[in-house]
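> Let me see the structure of the following:
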Amino acid sequence: MPAVSKGDGMRGLAVFISDIRNCKSKEAEIKRINKELANIRSKFKGDKALDGYSKKKYVCKLLFIFLLGHDIDFGHMEAVNLLSSNRYTEKQIGYLFISVLVNSNSELIRLINNAIKNDLASRNPTFMGLALHCIANVGSREMAEAFAGEIPKILVAGDTMDSVKQSAALCLLRLYRTSPDLVPMGDWTSRVVHLLNDQHLGVVTAATSLITTLAQKNPEEFKTSVSLAVSRLSRIVTSASTDLQDYTYYFVPAPWLSVKLLRLLQCYPPPEDPAVRGRLTECLETILNKAQEPPKSKKVQHSNAKNAVLFEAISLIIHHDSEPNLLVRACNQLGQFLQHRETNLRYLALESMCTLASSEFSHEAVKTHIETVINALKTERDVSVRQRAVDLLYAMCDRSNAQQIVAEMLNYLETADYSIREEIVLKVAILAEKYAVDYTWYVDTILNLIRIAGDYVSEEVWYRVIQIVINRDDVQGYAAKTVFEALQAPACHENLVKVGGYILGEFGNLIAGDPRSSPLIQFNLLHSKFHLCSVPTRALLLSTYIKFVNLFPEIKTTIQDVLRSDSQLKNADVELQQRAVEYLRLSTIASTDILATVLEEMPPFPERESSILAKLKKKKGPGTVTDLEEIKKERSSDMNGSAEPASVNASAVSTPSPSADLLGLGAAPLTNSAPPPSSSGSLLVDVFSDSASAVAPLAPGSDDNFARFVCKNNGVLFENQLLQIGLKSEFRQNLGRMFIFYGNKTSTQFLTFTPTVICSDDLQSSLNLQTKPVDPTVDGGAQVQQVVNIECVSDFMEAPILNIQFRYGGTFQNLSVKLPITLNKFFQPTEMSSQDFFQRWKQLSNPKQEVQNIFKAKHPMDAEITKAKIIGFGSALLEEVDPNPANFVGAGIIHTKTTQIGCLLRLEPNLQAQMYRLTLRTSKEAVSQRLCELLSEQF
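Numbering: from 1, shown residues only. Reported below is the predicted structural model:
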């Protein structure tokens, strides 16, 4: 048989695959695979040297077996040997095996690197392509160290084939994304830009992807690419589909390259050169004109390609925000898509128009589509499109249409999907406050909001209502009258009771002259809701009652009777009991003057930033419609036409208004609020500074580092080329203190350095964390320390997230790691005798109190290391308790503020099977489950 046919056929591989497919059971398949593995192993170890074809065949079989899910622990050297072959098929299989099975820590990596270097130096384009593909597929840091300096030379060399240039550009892009610090910027950067003028469009496409990524981090190095990108884009846009036949996709010339060039241009401001700027404007106008032309094909691929270029062009127009004519034309084009039958197009049109609404040039044009958007809100079947419609209504809102938009959003709220109700509530609250010409309308809107979607009205919303009502004398009487009428409904949401209790407690006297709202009627109305409310709301109502004693002396006796009742003085809740006792005593012994002084009307709140906008920003994340406020031009006078500035919160974490403490709701203590902005125009910008950026996903390796800290308290939590985070912590009973050390590993300052500890809603109720601020500037080579005080209130399952944001060399850095605060940190070891241990063990025999896990050992089964880990986990290691001396038993108590949870554990190793059985018994199922999960990962 000829060599080529033999190389291409690999009949033995085909027979093996056929045998595997014909297996009737899993056991038969494993048996056939084991037989084949034994055969391959004997061939590799045999005295007779194998030819290239045989090596390739057997390596292929190993690769197929690995892809079936079986471990392969030999054959790597034979695959490396295939790299030195001069036959393409053999070299190809060798590279394929290495890309899939060889990891970066392999002892063979040096041999592999040498083989790759030989192929790169061979100038054979086929072999160079295989080597570059392997580098990109592996993409490890070791590969970057070995070849990051070599690949740019291949890319810009004059004699490099086009196909190799493409591979080199994409390979370099892969290495830059995985190890940007190892790709050196040098003379090649200016030369790679000129690849945008290459005759081969494949090279241009690959080079554009590389330059776009590099320009995002080093814009100055690649600013010359703007004129070349405009020139290339102009040639593509003005060409006929027949001119670029190889790169024309359903009558659209080079759509992928066009999109990449438009994205590259979005890395820079509008060109300063009038000629380049004019040429770019012509390109964008041509793209908009082509969108109006009849389609050249009815195929969906044609419209997809055409619209992809159009939407990217509109993104560039929005990014530049400098050509009024283009912005208005883009808006009109998007307006046509709002009623398109294709759902994706409607979604994209709404999303793009949200951004257009932020431009002073196109805002009015966007407003002309308000009826279409409102209709989409009512009739659209896809919830994601309806959500974008809500975003667009929010973005296009101004003083002229605020009441119409708010009314439509309130109407939609009654039938809105539960997943977006909270977001709509926040947006309605923001718009009602920002554009309220008449504060009575604002009060009506918020009360209506509570009536329609009370469960989704957060504390930030009703805190803000109270603050505004207290600060404005002209609306206090109306607010008191309105909430009094709203409370008369048979069923009131608890948030309405909170607002009503606070406002009537402050301003109930303004409506007391009307017999229909006399003091006694007001009190009876509020007290009729008392038994239906939660403890914090009852606490607020008790504060309202003592306020009534001052406002309405005639009902003092009635109120004292309520405070004196057993249900108050002997209340199981200590907060309610203490308030009742103190308020009763205050009303009994204090003179009228003292009462009037202690319970006088609340003074106006200092103008502070409302947390509603920040809450919306936090909920939505970056790149959404709320970001538009950051760049929105000031199109109207100060909020509500008053001298008081619009108030928004600069903190990304919700901060209760002062009313929280005044009402005694037991809310978290106030954090320091940001300083007042200098002008109303800057208020919204502060909200969306870097400090409010969305939390980054967990850094790579975060889970592994977190697991290492389960049984220890000190060490390095995270490290990359810029930053090192070290921990030192101590715990005693339910309290702990953690010292976090941030080390700047570079010679450049970190600016606006902001570490934030973030807890989920569930975790906040179980874990109290107090963090001390750190210096926002970290000098090169310096280290700063942050102290975190910890209190465990109740058992918890999750861990807090530590988010660090800072600027390094002008680039915004954002990373997150898990903070190793776990339930076992609050263990106190307990010594027990054998008798006591097994007596307690039997008491915890309920199935829900025991969790057991049988698992394979991940580390060597060393008895001394196991003992150290159990002690590090927090429990006492009880010697000579278990009848089997090879077993380990421990005991301890989890301390929380609210309770103590006893815990017994038993670890049974099986050295022969390399397995463990871990059994945990506690009085609480969730605690047993969590401790078992944490400890199982350690062995």
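> For the rest of this, base every contact and every neighbour count on C-alpha atoms.
Fine.
> V259: neighbour count?
By other CA atoms under 10 Å, 20 other residues sit near V259.
> which element is it on?
helix 255-265 (DSSP states H and E).
> ok, residues contacting that helix?
Contacts with helix 255-265, where a contact means CA atoms under 8 Å, 6 or more residues apart in numbering, come from 201, 204-205, 208-209, 211-212, 215, 226, 229-230, 233, 236, 248-249, 305-306, 308-309, 312-313, 316.
> Those residues, buried ones only, as a ChimeraX selection?
ChimeraX command restricting the contacts of helix 255-265 to the buried ones, with burial defined by 16 or more other CA atoms under 10 Å:
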select :201,204,205,208,209,211,212,215,226,229,230,233,236,248,249,305,306,309,312,313,316
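> Counting only helices, which of the contacts of helix 255-265 make the cut?
Of those, the ones assigned to helices by DSSP state H are 201, 204-205, 208-209, 211-212, 215, 226, 229-230, 233, 236, 305-306, 308-309, 312-313, 316.
> and L815, that one's in a helix?
No: checked against DSSP: H, G, I helix; E, B strand; the rest coil, L815 lies outside a helix; its state is strand.
> if we can go back for a sec, now do the helix holding V259: distance to the chain's middle.
Helix 255-265 sits 28 Å away from the centroid of its parent chain (CA atoms, centre = their mean, to the nearest Å).
> CA atoms only: put that helix into CSV for me.
What follows is helix 255-265 as a C-alpha-only set of coordinates in CSV (Å, rounded to 0.1, in the frame of the first residue of the first chain):
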residue,chain,number,x,y,z
PRO,A,255,-19.2,42.1,7.3
TRP,A,256,-17.0,40.7,10.1
LEU,A,257,-14.1,42.9,9.1
SER,A,258,-16.4,45.9,9.0
VAL,A,259,-17.7,45.2,12.5
LYS,A,260,-14.1,44.8,13.8
LEU,A,261,-12.9,48.0,12.3
LEU,A,262,-15.9,49.9,13.7
ARG,A,263,-15.1,48.5,17.1
LEU,A,264,-11.5,49.5,16.8
LEU,A,265,-12.6,53.1,16.1
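> Which element is encountered next along the chain beyond it?
helix 274-292.
> just to revisit the earlier point, may I see the buried residues of the helix holding V259?
For helix 255-265, the buried set under the neighbour-count rule, 16+ other CA under 10 Å, comprises 255-265.
> Distance to G892 and pLDDT for those - can I get that in a markdown table?
A markdown table is the format used below for these (distance: CA to CA, whole Å; pLDDT from 0 to 100):
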| residue | distance to G892 | pLDDT |
| --- | --- | --- |
| P255 | 66 | 91 |
| W256 | 63 | 92 |
| L257 | 64 | 91 |
| S258 | 66 | 92 |
| V259 | 62 | 93 |
| K260 | 61 | 93 |
| L261 | 63 | 93 |
| L262 | 63 | 93 |
| R263 | 59 | 92 |
| L264 | 60 | 92 |
| L265 | 62 | 92 |
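> R123: which of those residues is nearest?
Using CA to CA, L257 comes nearest to R123 of the buried residues of helix 255-265, at 27.8 Å.
> Any figure for the gap between that closest one and R921?
62 Å (CA to CA, to the nearest Å).
> So the nearest residue to F806 once chain neighbours are set aside: helix, strand or coil?
Nearest residue to F806, sequence neighbours excluded (CA to CA, 6 or more residues apart in numbering): F753, at 4.3 Å. The three-state assignment at F753 reads strand, by three-state DSSP.
> Please apply the same query to I546.
helix.
> do the same with the one 4 residues further on
Following three-state DSSP, the label given to N550 is helix.
> Pull out the buried residues from stretch 432-439.
For stretch 432-439, by 16+ other CA under 10 Å, it's 432-437, 439.
> got the CA coordinates for it in CSV?
C-alpha atoms of stretch 432-439 as CSV (Å, rounded to 0.1, in the frame of the first residue of the first chain):
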residue,chain,number,x,y,z
ALA,A,432,-41.1,61.1,40.4
GLU,A,433,-38.6,62.9,42.6
LYS,A,434,-36.4,64.3,39.9
TYR,A,435,-39.1,65.8,37.7
ALA,A,436,-41.7,66.6,40.3
VAL,A,437,-43.0,70.1,39.5
ASP,A,438,-45.6,69.7,42.2
TYR,A,439,-44.7,67.8,45.3
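> Can you give the distance of it from its chain's centre?
Its chain's average C-alpha position is 33 Å from that of stretch 432-439, according to CA atoms, centre = their mean.
> And for stretch 448-458?
Per CA atoms, centre = their mean, the centroid offset for stretch 448-458 relative to its chain is 27 Å.
> Check stretch 571-587 too.
43 Å.
> Averaged pLDDT, that stretch. What do you get?
For stretch 571-587, mean pLDDT rounds to 90.
> same question, stretch 72-83
87.
> Contacts for that stretch next, please.
The set of residues external to stretch 72-83 that reach it, using CA under 8 Å, 6+ apart, is 41, 44, 52, 55-56, 59, 62, 65-66, 90-95, 97-98, 102, 108, 111-112, 115.
> what's the answer for stretch 128-135, then?
Residues outside stretch 128-135 that contact it (CA under 8 Å, 6+ apart) are 92, 95-96, 98-99, 116, 119-122, 143, 163-164, 167-168, 171.
> which pair in the residues you listed spans the largest distance?
I98 and S163 (22.2 Å).
> okay, the two: which has more neighbours?
Using other CA under 10 Å, the more surrounded residue of I98 and S163 is I98, with 22 against 15.
> Tell me how many other residues crowd the residue nearest to F806.
21.
> from here on, count from 37
Sure, I'll start numbering at 37, so the last one becomes F789.
> quick one: contacts for it?
By CA under 8 Å, 6+ apart, the neighbours of F789 are 810-814, 840-843.
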